[in-house]
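Asker: What follows is a predicted protein model with its sequence.
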Amino acid sequence: MRINKLSLHNFKNHDHLQLDLSAQINCFVGNNGVGKTNILDALYYLSVGKSFLGNSDFNNIKNDCDFFSIEAEVQNEEKEDILKIILSKESKKVIKKNDKSYDRLADHVGYLPSVIISPYDQNLISDSGESRRKFLDAMISQTDSDYLFALIQYQKTLQQRNALLKNFAKNRYFDKDSLEIYDEPLIKHGEKIFAKRKNFVELLNPVMQNFYQSISGGKEEVYITYQSDLEQDYSDLLSQSLEKDRVLTYTSKGIHKDDLLFEMMHYPIKKVGSQGQQKTFLVALKLAQMIRIKELTGKTPILLLDDIFDKLDDKRVTQLIDLVNQENFGQIFITDTHKERTESILKDIKEPINIYEI
Ligand SMILES: Nc1ncnc2c1ncn2[C@@H]1O[C@H](COP(=O)(O)OP(=O)(O)OP(=O)(O)O)[C@@H](O)[C@H]1O
């Protein structure tokens, strides 16, 4: 998959922007705040139907405007598809492929896979488990529509079960049987999600380890551990935590409490990793994500590299560029504040490179 043309209207600070893109490497260079990251965000938006910054959709509409649109010509094997996303303040978001609207956003996810590496990835290390779960969900959903379906059903059931627990507390009443109606779908979807998450992380680990060692020059060992309540039987867990859930008025056990432990040399990387090591870890993790998506879907994700050259030493940057320049990586988008630095880093690359000054 690759994007031949991109056109933005009123997307964040870009009122009109039209770009003819290189099939290989595209760089957006310019000063702070000119809108380089916003272009990557528009490309990410085309891929998953939302911003990677996770803010409200309306914040993506240029200030004082009523709508934004993102349009792209996407090379899909032999044919070209036109993808269009329009969001207006008055109506629902519309995502169209070749003029046909998708009924649900979930039907679009996976069509144009993407992987983004950005300074915001640091939140994956520093934030709570929720951001790591979101990352895991976004990553698996791009490769597996069954997973996304199970996740949507699980979240719906969880909300209903929690609402009932709150209702019991409010009315000083409890009915075990009506609560248990939700247990069966929760267990069914929860177990499916657990198995898929466990499997995905297991297969991600060796790929990530390889990338980490290639970029860092083969020193530290890094590892991701998947932690889940569902290592125990979920049905037993729900029974055992019934009284607790009743008091807390929410469901305390399940895959909505899962987490990923990021480790370096058997210690949390958050505690023992330098800034450069943490960044290398995140880059390796994202490159591994890219390889897994490619293996599972047969599609090469577009790779979005935002401000990647900061915090990595020259040796690591060279290693990284050598890696992504190999033929198993597809179309790449890079942002940087220094045009000369970008040109110098990419000087040995033979593929066509487009550099846009924003
Ligand atoms: N809805 C919006 N309407 C208008 N401008 C916006 C909107 N949302 C963000 N911006 C502007 O976009 C700019 C930030 O763009 P972006 O993050 O892409 O910059 P950048 O070129 O990547 O900068 P840096 O080099 O600092 O990372 C800011 O000037 C911000 O005010």
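Answerer: Here it is on my side, so go on.

Asker: three-state assignment of residue 55?
Answerer: Here residue 55 is recorded as coil under DSSP: H, G, I helix; E, B strand; the rest coil.

Asker: any idea how far it is from residue 45?
Answerer: As judged by C-beta to C-beta, to the nearest Å, residue 55 and residue 45 stand 12 Å apart. No exception for glycine: its C-beta is placed from N, CA and C like everyone else's.

Asker: between the two, who's got more neighbours?
Answerer: residue 45 (23 against 10; other C-beta atoms under 10 Å).

Asker: Secondary structure of the more buried one: a helix, I assume?
Answerer: Yes: assigned with three-state DSSP, residue 45 falls within a helix.

Asker: helices or strands up against the helix or strand hosting residue 10?
Answerer: Following DSSP states H and E, one finds residue 10 within strand 2-11. In terms of contacts (3 or more C-beta pairs under 8 Å, 6 or more residues apart in numbering; DSSP states H and E), strand 2-11 is packed against strand 14-20, helix 36-48, strand 67-76.

Asker: Which elements pack onto the first one?
Answerer: Judged by 3+ C-beta pairs under 8 Å, 6+ apart, the packing partners of strand 14-20 are strand 2-11, helix 36-48.

Asker: mind running it again at 10 Å?
Answerer: Here strand 14-20 touches strand 2-11, strand 25-29, helix 36-48, strand 67-76, strand 353-357, going by 3 or more C-beta pairs under 10 Å, 6 or more residues apart in numbering; DSSP states H and E.

Asker: Where do the helices of this protein begin and end?
Answerer: Shown for the chain, the helices assigned by DSSP state H span residues 36-48, 105-108, 122-126, 129-141, 145-170, 176-180, 183-216, 234-240, 242-248, 269-272, 275-297, 314-324, 339-345.

Asker: quick one, what contacts the closest residue to residue 259 other than its chain neighbours?
Answerer: Once flanking residues are discounted, residue 259 sits nearest to residue 129: 3.8 Å by C-beta to C-beta, 6 or more residues apart in numbering. For residue 129, the contact set (C-beta atoms under 10 Å, 6 or more residues apart in numbering) comprises 136, 227, 256-261.

Asker: Relative to the ligand, which of these is nearest.
Answerer: Of all the contacts of residue 129, residue 136 has the smallest distance to the ligand: 25.5 Å, by C-beta to the nearest ligand atom.

Asker: got the contact list for the closest residue to the closest one other than its chain neighbours?
Answerer: Excluding the flanking residues, the one nearest residue 136 by C-beta to C-beta, 6+ apart is residue 197, at 6.0 Å. By C-beta under 10 Å, 6+ apart, the residues touching residue 197 are 133, 136-137, 139-140, 147, 226, 228, 230, 255, 258, 260.

Asker: Pick out the most distant pair among these.
Answerer: 139 and 230 (18.6 Å; C-beta to C-beta).

Asker: Check the offset of the helix or strand bottoming out on mean pLDDT in the chain from the chain's centre.
Answerer: Ranked by mean pLDDT, DSSP states H and E, the weakest helix or strand in the chain is helix 314-324, scoring a mean of 80. Chain-centre distance of helix 314-324: 22 Å, with C-alpha atoms, centre = their mean, to the nearest Å.

Asker: Buried residues of that helix, list them for me.
Answerer: Neighbour-count burial for helix 314-324 flags 316-317, 319-321, 323-324 (criterion: 16 or more other C-beta atoms under 10 Å).

Asker: Adding distance to residue 29, write those residues out as JSON lines.
Answerer: Converted to JSON lines, those look like this (distance: C-beta to C-beta, whole Å):
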{"residue": "316", "distance to residue 29": "20"}
{"residue": "317", "distance to residue 29": "15"}
{"residue": "319", "distance to residue 29": "22"}
{"residue": "320", "distance to residue 29": "18"}
{"residue": "321", "distance to residue 29": "15"}
{"residue": "323", "distance to residue 29": "21"}
{"residue": "324", "distance to residue 29": "17"}
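
Asker: when you check the ligand, which of those turn up near it?
Answerer: Checked against the ligand using C-beta under 6 Å from any ligand atom, the buried residues of helix 314-324 give no members in range.

Asker: So for residue 311, what's the pLDDT?
Answerer: You'll see residue 311 listed with a pLDDT of 67.

Asker: Show me the shaky parts of the stretch 201-350 of the chain.
Answerer: Along the stretch 201-350 of the chain, the parts satisfying pLDDT under 70 run over 311, 327-328.

Asker: For the ligand, what is the nearest residue in the stretch 251-358 of the chain?
Answerer: Per C-beta to the nearest ligand atom, residue 337 is where the stretch 251-358 of the chain lies closest to the ligand, at 5.0 Å.

Asker: Verify the contact between that residue and residue 310 for me.
Answerer: Yes: applying C-beta atoms under 10 Å, one finds residue 337 in contact with residue 310, separated by 8.6 Å.

Asker: of these two, who's got more company?
Answerer: Of the pair residue 337 and residue 310, residue 337 is the one with more neighbours under other C-beta under 10 Å, namely 16 against 12.

Asker: And that one, how far from residue 293?
Answerer: 29 Å.

Asker: What residues sit buried inside stretch 127-140?
Answerer: Using 16+ other C-beta under 10 Å as the test for burial, stretch 127-140 gives 131-133, 135-140.
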